[in-house]
Structure formats: C-alpha cells, structure tokens
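Q: Structure of the sequence below:
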Amino acid sequence: MTDALDRVEPRVAPAPEPAASRPPIALSVPARVTLAALSAGAGVIHLVMVPSHWDTWTAEGVAFAVAGWFGLLVALGLLLRPSRGLVVTTIIGNGLLIGLWAWSRTQGFPVGPHEGHPEAVGFVDLASVVLESALVLGAVMLLARPGLMRRGAEAFAITGAVVVGVVALSTAALASPSARNHADGAHGDHGNASAAEAADGHPHDEEGAEVAKADDKGLAALSNGHHDEMGAEKPLTTEERDQLSAQIAGTIEAARMYPTVAAATAAGYWRAGPYSPGLGAHYIRPNGFAANSDGVVSAEDALNPMAIIYDGTDPTSKVAGFMYYSMSKEEPEGFAGSNDVWHYHTNTCLKSVPGGGLDVPFGADGEVTKKQCAAVGGDLLQQTQWMVHVWSVPGWESRQGLFGEVNPALTCPNGTYYQLPIERWIEQPLNTCKSAKPKAA
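A: As a prediction, this is how the structure comes out:
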C-alpha cells in the first residue's frame with residue numbers, strides 16, 4: 001500500500017539537442033590563402049579606382065567602393081572561417097562583377113553620363129577581371145573538391161606563386177596609365193591627360209579641374225584615332241615659330257576661300273562622314289598637294305587641306321578647322337615644331353552616297369567586319385594614312401591647342417557631346433549627336 005501511495009515521478013521527455021550548425025568547409029590553409037589573395041587583389045583595385053569614378057559619376061563610384069569592400073571582406077572570411085555559403089557568395093558576387101564589366105565593354109550602361117557608350121578595355125580593369133575569373137574558377141573547383149591543395153610542399157608552392165602573381169599584377173595595373181585616367185580614358189584610349197586636361201588641353205589648378213569635370217557633358221568620352229601621347233604644348237624656337245606662322249597663315253587663307261559648306265562643295269569638296277561633336281563635319285577633296293607624300297606641310301600644302309571641317313552639314317555651315325593628310329611612310333614632320341601629333345584610323349567602313357560624298361556607318365577604329373560593311377553597301381578600309389587636325393580658324397580655336405585631338409567648341413545642338421551608339425549611326429548619317437534631329441543624307 002505504501003508503495004502504491006508513493007509519488008510517481010512524471011517521466012520527462014529529454015530535451016531535443018540543438019541542431020548542429022553546418023561546419024565550415026574543410027579547405028586547407030593553402031586553398032584559403034589562394035582564394036583570399038585573388039579576392040583581395042581584385043578588391044584593392046576596385047577601391048583604388050573609386051575616386052576617378054566618383055568624380056565622373058557618383059553612383060559608379062559607390063558601386064566600385066561596394067565591390068572593393070566586398071572583395072576584402074570575402075578575403076577575410078575565406079581566411080578565418082570559410083563556409084559553403086561564403087564560397088557560393090564568392091562565386092555569385094564575382095560572376096556578377098564580371099558580367100557587369102562585359103556589359104560595359106560591349107554595350108555600355110543604359111544610364112549615366114556615358115549612356116550607351118561602350119568603354120574601352122584597359123589594363124587596370126582587365127587585371128581585375130583576370131583576378132575575379134581565377135577566383136571564380138578556383139572557388140568552383142574547391143566547392144566541388146574541398147580536398148584539393150592538401151599536398152604539403154606542392155600546395156604551398158602553388159599558393160606562393162599565386163600570391164606573388166596577384167601582387168605583381170595588381171601593382172602593374174595600378175601603376176599603369178589606364179589606372180591614372182581610367183574613368184574618363186576608358187571611353188577613349190587615345191590619351192593620358194586627366195579629365196581637366198582632356199576638357200581644356202592644359203593642366204590647371206585643382207579648382208579649375210573640378211569645374212572642368214563638372215561641366216564635362218561627355219567631352220572626356222571623345223577621342224580621335226591612334227596616335228602618340230598628347231600633352232601640354234612644347235615651346236618653339238624663334239625659327240620654328242616663324243615657320244609655323246607662315247604655315248598657319250596658309251590655313252587662314254584657306255578658311256577665307258571656303259567659309260561655308262556651299263563654298264567648299266562648289267570647289268569640289270564632298271562630305272566624308274557625319275558631323276560629330278568635337279570633330280565637326282569633314283569635307284574632302286583629294287589632290288596632289290593634299291596627298292603630301294614628303295610629310296612636310298609647305299605653303300602650297302597649307303592652302304590645299306585634304307579636308308575642311310565645318311560646324312554642320314547645311315550649305316550655310318561655317319568653317320571651323322582643317323584636316324591635313326600625308327602618305328609618308330613614317331609619322332610626318334608636318335608643321336614646324338613638335339606639337340602636331342599625327343594620327344591614323346583603322347577598320348573604317350566607307351559607303352558612297354549618291355551625288356557624291358561618303359558615309360561612315362560604323363565610325364572608325366571599331367570592330368566592324370568586312371561582311372558587316374558589305375551588308376550596308378560599304379567597303380572596309382583596314383588603315384588610313386597619317387592625318388592631323390588644325391584648329392586655326394579665328395573664333396574656332398580649340399582649348400586643347402592648335403593641334404588638339406578634338407575641338408570642344410564643336411558641340412551637339414544642346415551644348416553636350418553625347419553621341420548615339422555607333423550601331424545607330426546608320427540611322428542618322430548626317431549627325432552622330434543624341435540631341436540632333438534625324439535628317440536624310
């Protein structure tokens with residue numbers, strides 16, 4: 001009875017054990033260091049490029065900062081506590097960055113100051129993409145086979161080589177000219193001036209540079225042909241100055257002879273390509289003097305430029321500058337002094353226009369193929385001879401100098417320099433400006 005009255009202790013079910021957290025992925029030290037080095041290298045490059053992109057487009061600067069810190073934080077996580085989730089995030093994040101880079105280099109972003117303008121591939125951004133691609137490949141391999149790189153000396157040797165390679169590649173990229181003017185230079189790979197110099201032709205103080213950047217309106221995206229570096233104008237000797245003055249007097253006389261498009265066409269000049277901001281509309285008349293086989297601009301050569309540049313394609317459009325041509329084998333001596341940096345073009349599709357003239361449906365220096373050119377009725381010119389622009393017409397002097405790559409005075413109708421994507425030039429053959437009204441050729 002006593003036993004029956006004894007209190008029965010209730011049976012308590014054992015508490016469930018806490019669910020075990022997923023253990024970190026079992027990566028070896030060499031594997032961790034290899035992935036971390038690749039991620040850190042790409043992250044550092046992105047962070048160093050933040051200021052130049054921030055100056056051009058704040059949103060892009062923020063994106064570069066996010067990408068940079070993402071790379072460094074991923075590197076830290078891979079070193080201290082790698083997990084499957086982190087490795088997957090590494091693959092997705094860097095894959096996204098590679099995709100955005102490819103988009104910007106093939107199509108151009110649909111928004112921002114360089115809307116629809118594909119950027120040129122520079123060494124600094126290519127270095128970053130190489131690191132990101134290697135990181136994605138390595139992360140995928142280690143996700144599938146975490147046991148890779150566990151063989152002592154061999155694994156550490158591979159890791160050491162990767163670390164040294166990352167440091168060398170990152171250093172070379174950040175020291176390259178493409179890093180110094182990446183944000184603006186990526187939209188034209190033909191110069192090493194800062195944004196302020198690109199807009200004005202000469203270095204200015206910091207305040208002036210900021211004003212130039214603020215008022216850029218797409219000017220820094222313009223470029224013209226393949227040529228040597230163009231910097232500040234070099235001083236001339238007294239003899240060179242006298243020679244140059246005589247040559248320029250000839251160009252001014254040519255401007256007086258052909259003040260409008262109507263005057264030029266009456267003299268046998270015909271349009272070659274559309275009006276483009278910074279470059280104007282070129283009207284050409286090939287002749288013996290214009291060919292200039294000896295590479296020296298004589299007084300007679302100065303009076304007979306290969307092309308006269310106008311501020312439009314209407315009959316009343318005014319003369320703004322000149323383009324001189326030379327068939328010399330080496331870069332021409334050209335004008336007196338060393339400030340006339342000559343250029344040439346490659347891959348130029350030329351299409352004849354009824355009544356005389358040429359269209360350039362795909363621009364110059366692009367990746368157009370012979371088949372693409374033939375499809376629009378054109379002929380592909382692989383490489384031109386030497387050319388130089390001369391901005392000597394009173395009232396149309398270029399802020400980039402007498403022989404400037406482009407002339408900021410030649411703007412689009414709305415005062416900017418934004419152009420249509422090259423693939424749309426065929427729709428608007430007389431003017432490449434976004435703000436221009438389409439007109440038939």
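
Q: domains for this protein, by residue range?
A: When the chain is parsed into structural domains using automatic domain parsing, the resulting residue ranges are 29-185, 238-427.

Q: Redo these as JSON lines? Include mean pLDDT and distance to Ala232.
A: Backbone N, C-alpha and C define where each C-beta goes, glycine included. Putting these into JSON lines (pLDDT from 0 to 100; distance: least, Cβ to Cβ, whole Å) gives the following:
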{"stretch": "domain 29-185", "mean pLDDT": "86", "distance to Ala232": "15"}
{"stretch": "domain 238-427", "mean pLDDT": "88", "distance to Ala232": "8"}
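
Q: Identify whichever of those domains lies nearest to Ser435.
A: When these are compared for distance to Ser435 using Cβ to Cβ, the nearest one is domain 238-427, at 4.0 Å.

Q: Against Arg256, how distant is the nearest residue to Ala246 once chain neighbours are set aside?
A: Nearest residue to Ala246, sequence neighbours excluded (Cβ to Cβ, 6 or more residues apart in numbering): Ala299, at 6.4 Å. Separation of Ala299 from Arg256 (Cβ to Cβ, to the nearest Å): 15 Å.

Q: Equivalent analysis for Glu367, please.
A: Noted for Glu367: a distance of 41 Å to Arg256, by Cβ to Cβ.

Q: With Gly278 instead?
A: Here the distance between Gly278 and Arg256 works out to 24 Å (Cβ to Cβ).

Q: So between those two, which is more surrounded?
A: Here Gly278 and Arg256 are compared on neighbour count by other Cβ atoms under 10 Å; more neighbours surround Gly278, at 24 against 11.

Q: Ala221 is in contact with the more buried one, correct?
A: No - in this structure Gly278 lies outside contact range of Ala221 using Cβ atoms under 8 Å: 9.3 Å.

Q: which residues do the two both contact?
A: Residues within reach of Gly278 and of Ala221 at once, by Cβ atoms under 8 Å, 6 or more residues apart in numbering, are Tyr417.

Q: related to what we said a few turns ago, help me confirm that the residue nearest to Ala246 comes into contact with Gln247.
A: Yes - when contacts are counted by Cβ under 8 Å, Ala299 is listed as touching Gln247 (7.1 Å).

Q: Who has more neighbours out of these two?
A: Neighbour comparison, Ala299 and Gln247: the larger count goes to Gln247, with 23 against 11 (by other Cβ under 10 Å).

Q: what helix or strand is that one on?
A: helix 238-257 (DSSP states H and E).

Q: Give me the buried positions along that helix.
A: By neighbour count on 16 or more other Cβ atoms under 10 Å, the buried set for helix 238-257 is Glu240, Gln243, Leu244, Gln247, Ile248, Gly250, Thr251, Ala254, Ala255.

Q: rewinding a little: okay, the domains of the chain in JSON lines with distance to Met230 next?
A: Conversion of the domains of the chain to JSON lines gives the following (distance: least, Cβ to Cβ, whole Å):
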{"stretch": "domain 29-185", "distance to Met230": "12"}
{"stretch": "domain 238-427", "distance to Met230": "5"}
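
Q: Next up, the contacts around Lys234.
A: Contacts of Lys234 were listed using Cβ under 8 Å, 6+ apart, and they are Gly337, Ser338, Asn339.

Q: Which pLDDT value goes with it?
A: Note on Lys234: pLDDT of 86.

Q: Repeat that for Lys213.
A: The score at Lys213 is 48. That number is its pLDDT.

Q: How about Asp228?
A: Reported pLDDT at Asp228 in the predicted model: 75.

Q: can you give me the strands in the protein?
A: Taking DSSP state E as the criterion, the chain carries its strands at 270-271, 281-284, 307-310, 319-326, 346-352, 358-359, 379-383, 386-390.

Q: Out of the ones you listed, which is closest to Asp125?
A: For these, distance to Asp125 was read as Cβ to Cβ. The smallest value, 22.0 Å, belongs to strand 346-352.

Q: So which elements touch that closest one?
A: Under the contact criterion of 3 or more Cβ pairs under 8 Å, 6 or more residues apart in numbering; DSSP states H and E, the helices and strands touching strand 346-352 comprise strand 358-359, helix 370-375, strand 379-383.

Q: Any idea how far the first one is from the middle of the chain?
A: Strand 358-359 sits 25 Å away from the centroid of its parent chain (Cα atoms, centre = their mean, to the nearest Å).

Q: what's it in contact with?
A: For strand 358-359, the external contacting residues (Cβ under 8 Å, 6+ apart) are 270-274, 284, 350-353, 378, 426, 429, 441.

Q: hmm, 6 Å instead?
A: For strand 358-359, the surrounding residues in contact (Cβ atoms under 6 Å, 6 or more residues apart in numbering) are Ala272, Leu350, Lys351, Val353, Pro429.

Q: cool, and the longest one?
A: Applying Cβ under 6 Å, 6+ apart, the set of residues contacting helix 370-375 from outside is Cys349, Leu380.

Q: so how far is it from its chain's centroid?
A: For helix 370-375, the separation from the chain centroid amounts to 25 Å (computed by Cα atoms, centre = their mean).

Q: Dump the buried residues of helix 238-257 into TSV; add distance to Gly99 as well.
A: Written out in TSV, the entries for those read as follows (distance: Cβ to Cβ, whole Å):
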residue	distance to Gly99
Glu240	52
Gln243	55
Leu244	51
Gln247	51
Ile248	51
Gly250	54
Thr251	49
Ala254	51
Ala255	50
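
Q: Of all pairs in those residues, which one spans the longest distance?
A: The largest separation in the buried residues of helix 238-257, counting by Cβ to Cβ, is between Glu240 and Ala255 at 22.5 Å.

Q: where do the helices sit along the stretch 151-300 of the chain?
A: For the stretch 151-300 of the chain, applying DSSP state H, counting those that start in this stretch gives helices covering 152-175, 177-180, 182-185, 195-200, 206-214, 238-257, 261-266, 288-291, 299-303.

Q: That should have said the stretch 1-150 of the chain, apologies.
A: So, for the stretch 1-150 of the chain - with DSSP H, counting those that start in this stretch - the helices run 2-5, 29-48, 50-56, 58-80, 84-106, 123-144.

Q: In contact with the nearest residue to Thr369 once chain neighbours are set aside, which residues?
A: Take Thr369 and drop its neighbours on the chain: the residue closest to it by Cβ to Cβ, 6+ apart is Leu380, 7.6 Å away. The contact partners of Leu380, taken as Cβ under 6 Å, 6+ apart, are Cys349, Lys370, Cys373.

Q: and Leu380, what are its bridge partners?
A: Cys349 (DSSP bridges).

Q: any idea how far it lies from Leu279?
A: Counting by Cβ to Cβ - Leu380 and Leu279 are separated by 21 Å.

Q: Perfect, I'm done here.
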